[in-house]
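S.K.: Here is a sequence with its predicted model. Questions after.
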Amino acid sequence: MSPTAMAHALNAGLRRAMEDDDRVVLIGEDIGRLGGVFRVTDGLQKDFGDLRVVDSPLGEAGIVGSAIGLAMAGYRPVCEIQFDGFVFPAMNQIVTQLAKYRHRAEGRASLPVVVRIPVGGGIGAIEHHSESPEAYFAHTAGLKVVCPSSPQDAYDLVRQAVRSDDPVVFLEPKRSYWRKGELDLDAVPAPVERARVLRAGDDVTVVTYGALVPVALEVARICAEEGRSAEVIDLRCLSPIDDATILDSVRRTGRLVVAHEASRTAGLGAEIAARVQDRAFYSLEAPVQRVTGYDTPYPPSRLEEDWLPGVDRVLDAVDRTFEH
Amino acid sequence: MTAVQGDTNAPPETSDVEVLLTIRHFETLLLRMFGEGRLNGTTHTCLGQEYVPVALEPLIADDFVLSNHRGHGHYLARFRDPAGLLAEIMGRAGAVCSGVGGSQHLHRDGFLSTGVQGQSLPVAVGIGLHHKRTGSGRIAVAYVGDGTWGEGAVYEALNMAALWRVPVLVVVEHNGIAQSTPTRLQMAGSIADRAAAFGVDFLEITGHDLTEIRELAAPVVRRVREEHRPAVLQFTTRRLGPHSKGDDTRTAEEVEPLWALDWHAELSARMGEEFSRLDERVRAEVQRVAEEVDARPPAEWEPAGGRLPRPVVSGG
């Protein structure tokens, strides 16, 4: 156990996955000598060679498409998309081929491809370096979508994603890359599709994931000072959603706030709110509240602190759930 | 490099003619069944282009084929399975992939089709990369049309294939029309020049004589296989039918001359009585298959090797 940054935990997880299985190959832009823009693959080409860590030309359809071909031939490819906004040229490959293949093959074949994407804002970057595209993937049947919030989860989930026989869209919150946390390289990982209750509480449930997890924990700390007990759930897996963990919590607390960076309309918050009202309607003391990015393109960096959901906006939402 | 059709006197093998005719009568039957309301969904027939996959098949028999929306001929030339394909299109028992794919999304060992233009080329690169690395001697073959060359994924894949010397063969069925848009309205420059820009081998074949095509294409395929040089093989061909069904925007005056160039008429003249007998026998056989498949129960998903299909479902 030692404090480790998420980027280093991901690196360790990929290294372990490559040691465990020589069918694992990495492909992406500048992932070899440079180690990727965020250095997640640092040193891997040096240690595993350029047949297993492949620097690709610019071309995300080519990256994901060739990974699909490699997976069909028996490899377990891990693609790196350099930034969230760069995944869109690969959407066709992801939506029409990667997500559909098991269905097409009647379950007889699947594509064990991981698509790693740095996501979200808060790093002073620009629009297409700061986006939160998770809802597009969660909306696509046939994909698992995961998003770790801690170095330990990053390490565990990336290894589990590589072992998955089905495609996984692996979202890495950029502003969490250099946050440190304890990392146990031999810990027994939780199931991929299980949300994690990070802080138990009785009065309100806050569901979030990725870079907003520390925000939700800070909200819970402040709530405690104000005499309110907030439960914080880290989703970890955005598709499929762990309904049971959310419903168990809401049936106890009666109040739910969902927070994410992505824009509001048709986002994960809407989906979770719909599921909860459907299955825990009579437990609810108040309407489900969403705290999200706005329905606008991502703003210039000097405005992003206003755009991103922060502690104050989540606290306001908690307050609203007590107004009823 | 352009190869033109020369005079070839040797008649084609009977088994090849049977496959040609199977595809012709299969496609004709589909259009008729749509017209009678016995089929639904959509289809794209390869009338006029049947000879391309039939000619290539012996050269690529063990190789992975990535097909497209106009892929019935590619499938039938490979598997000679009109019953399985028709069952797939009709959603009947015995379907190639239990009716979940339909006309243009077929999946079978060594064969995958998608209707989304150009998207199979990057996948071919991945498959080819595997064969290059393992020295298997196999290649990946992707069928595209002339219209496909408007898609960006084509160029990402050509770049990777040429850069990494991947054994990928791109077969272009250049029928001069992309759905309703003639080539001159949708393509700048030429496919040959585009291949040249990537340093990719290119050969155009204009004839439809199977023996001659095989002689011309064999060295190209051999270079792809042995030297891992990607290549583009362009068949200058003709689409005799509609894009899909009843959507041919060409006038009769435009289509009629194409029929005069058709392999069917040419083989009939060349083979005479024998061709007529084969033609009638295959037509009757395809009709019999249609009646038999039509009478089957609906397709069902079956357990795969003891493992039930378990698609990952979003939501629910």
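M.R.: It's in. Numbers count the residues shown, from 1 in each chain, chains lettered A, B, ... in the order given.

S.K.: A helix includes A:Q152, no?
M.R.: Yes: assigned with DSSP: H, G, I helix; E, B strand; the rest coil, A:Q152 falls within a helix.

S.K.: count of neighbours near it?
M.R.: 22 (other C-beta atoms under 10 Å in any protein chain shown). Quick note: C-beta positions are derived from backbone N, CA and C, even for glycine.

S.K.: so what's the nearest residue to it once chain neighbours are set aside bridging to?
M.R.: Leaving aside its sequence neighbours, A:Q152 sits nearest to A:L183 (C-beta to C-beta, 6 or more residues apart in numbering or on different chains; 5.6 Å). Beta-bridge partners recorded for A:L183 (DSSP bridges): A:S2.

S.K.: Hmm, A:L183 is touching A:P151, no?
M.R.: Yes: with contact defined as C-beta atoms under 8 Å, A:L183 reaches A:P151; the gap is 4.8 Å.

S.K.: where does the closest residue to A:V54 other than its chain neighbours land in three-state SS?
M.R.: In this structure, A:V54 finds its nearest non-sequential neighbour in A:I27, 4.4 Å apart by C-beta to C-beta, 6+ apart. Classification of A:I27 by three-state DSSP places it in strand.

S.K.: Check what pLDDT A:I27 gets.
M.R.: Confidence at A:I27, expressed as pLDDT, is 98.

S.K.: residues contacting it?
M.R.: The neighbourhood of A:I27, defined by C-beta atoms under 8 Å, 6 or more residues apart in numbering or on different chains, consists of A:V54, A:S56, A:I63, A:S66, A:A67, A:L70, A:P77, A:V78, A:C79, A:E80.

S.K.: which residues does the last one contact?
M.R.: Just to be clear, that refers to A:E80. Applying C-beta under 8 Å, 6+ apart, the residues contacting A:E80 are A:L26, A:I27, A:G28, A:E29, A:I31, A:G36, A:V40, A:T41, A:R116.

S.K.: name the element whichever residue of the stretch 151-300 of chain B sits closest to chain A belongs to?
M.R.: The nearest approach of the stretch 151-300 of chain B to chain A comes at B:E156, 3.4 Å away (C-beta to the nearest C-beta). Taking DSSP states H and E as the definition, one finds B:E156 inside helix B:152-163.

S.K.: which helices and strands does that helix pack with?
M.R.: Under the contact criterion of 3 or more C-beta pairs under 8 Å, 6 or more residues apart in numbering or on different chains; DSSP states H and E, helix B:152-163 touches helix A:60-72, helix B:120-134, strand B:168-174, helix B:191-197.

S.K.: strand partners of the third one, parallel vs antiparallel please.
M.R.: Looking at strand B:168-174 with DSSP bridges, its partner strands are strand B:140-145 (parallel), strand B:231-236 (parallel).

S.K.: Quick one: closest of these to B:P297.
M.R.: strand B:140-145 (32.3 Å; C-beta to C-beta).

S.K.: The closest one: how far from the chain's middle?
M.R.: Strand B:140-145 has its average C-alpha position 8 Å from the chain's average C-alpha position, going by C-alpha atoms, centre = their mean, to the nearest Å.

S.K.: again, but for stretch A:159-171
M.R.: Computed by C-alpha atoms, centre = their mean, the separation of stretch A:159-171 from the middle of its chain amounts to 12 Å.

S.K.: Would you mind listing the buried residues in it?
M.R.: In terms of neighbour count (16 or more other C-beta atoms under 10 Å in any protein chain shown), stretch A:159-171 has its buried residues at A:R159, A:Q160, A:A161, A:V162, A:R163, A:S164, A:D166, A:P167, A:V168, A:V169, A:F170, A:L171.

S.K.: cool, and stretch A:48-66?
M.R.: A:48, A:52-56, A:59-66.

S.K.: Now flag whichever of these is closest to chain B.
M.R.: A:G65 (2.3 Å).

S.K.: Can you tell me, leaving aside adjacent residues, what's nearest to the closest one?
M.R.: Using C-beta to C-beta, 6+ apart, the nearest residue to A:G65 is B:P122, at 2.3 Å.

S.K.: who's in contact with the one you found?
M.R.: Residues near B:P122 by C-beta under 8 Å, 6+ apart: A:61-66, A:68-69, A:93, B:153, B:156-157, B:160.

S.K.: I'd like those residues laid out as CSV, including distance to B:L86 and pLDDT.
M.R.: Formatted as CSV, the contacts of B:P122 follow (distance: C-beta to C-beta, whole Å; pLDDT from 0 to 100):
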residue, distance to B:L86, pLDDT
A:A61, 33, 97
A:G62, 35, 97
A:I63, 37, 98
A:V64, 33, 98
A:G65, 30, 98
A:S66, 33, 98
A:I68, 28, 98
A:G69, 29, 97
A:Q93, 30, 97
B:A153, 31, 96
B:E156, 35, 97
B:A157, 32, 98
B:M160, 37, 98
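
S.K.: With distance to B:A188 as added columns, please give these in JSON lines.
M.R.: Converted to JSON lines, the contacts of B:P122 look like this (distance: C-beta to C-beta, whole Å):
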{"residue": "A:A61", "distance to B:A188": "21"}
{"residue": "A:G62", "distance to B:A188": "22"}
{"residue": "A:I63", "distance to B:A188": "27"}
{"residue": "A:V64", "distance to B:A188": "27"}
{"residue": "A:G65", "distance to B:A188": "24"}
{"residue": "A:S66", "distance to B:A188": "27"}
{"residue": "A:I68", "distance to B:A188": "29"}
{"residue": "A:G69", "distance to B:A188": "29"}
{"residue": "A:Q93", "distance to B:A188": "25"}
{"residue": "B:A153", "distance to B:A188": "18"}
{"residue": "B:E156", "distance to B:A188": "18"}
{"residue": "B:A157", "distance to B:A188": "19"}
{"residue": "B:M160", "distance to B:A188": "23"}
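
S.K.: and which of the residues you listed is nearest to B:G135?
M.R.: Looking across the contacts of B:P122 and measuring by C-beta to C-beta, the closest to B:G135 is A:G69, at 17.1 Å.
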